[in-house]
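> coords please:
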Amino acid sequence: MPRCVRCQREVNETIHQGDHYRLDGFRLHTGKVKRIQSQSGDGEHQNYLQLSDPCEIFLCVDCFHQPGMSDVWLRHFPSCEELKVFHR
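Next comes the predicted model:
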């Protein structure tokens, strides 16, 4: 069972009951990224971020609703510095 990165409590799976559900936490697929440049068939260059060192972290619904937590969680691939706000 995964644990919340902030409070360490177990994060239960989402329970589905008909058209209702109970959400206990969030999973963030993140890690180090690197900028990649590719060239399409028509010669146009495209830049994108590639997840180079992936990791998954979990945050329970209680910690997610603490001030500032959801802002970092939902913004982008958080850096190692940004992930420090999740630890108490």
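> could you pull out the helices in the chain for me?
61-64, 69-75, 80-83 (DSSP state H).
> quick one: closest of the ones you listed to Gln8.
helix 61-64 (10.0 Å; C-beta to C-beta). Using the backbone N, CA and C atoms, a C-beta is placed for each residue, glycine as well.
> residues contacting the closest one, please?
Helix 61-64 has contacts (C-beta atoms under 8 Å, 6 or more residues apart in numbering) with 4, 6-7, 9, 23-26, 69-70, 73, 86.
> give me whichever of the helices of the chain is most buried.
Using mean count of other C-beta atoms under 10 Å, the stretch among those with the largest mean neighbour count is helix 61-64, at a mean of 16.
> rank the helices of the chain by pLDDT, which is bottom?
With a mean of 66, helix 80-83 has the lowest mean pLDDT of the helices of the chain.
> who does the residue positioned nearest the centre of the chain bridge with?
Geometric centre of the chain, nearest residue: Leu28, 2.2 Å, by C-alpha atoms, centre = their mean. Assessed by DSSP bridges, Leu28 has beta-bridge partners Ile57.
> contact partners for it?
Taking C-beta under 8 Å, 6+ apart, we find Leu28 in contact with 56-59, 73, 78.
> identify the farthest-apart pair in the residues you listed.
Going by C-beta to C-beta, the pair spanning the contacts of Leu28 furthest: Phe58 and Pro78, at 13.7 Å.
> ok so, going back, dump the helices of the chain to TSV, plus distance to Gln17.
As requested, these are arranged in TSV below (distance: least, C-beta to C-beta, whole Å):
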stretch	distance to Gln17
helix 61-64	17
helix 69-75	25
helix 80-83	33
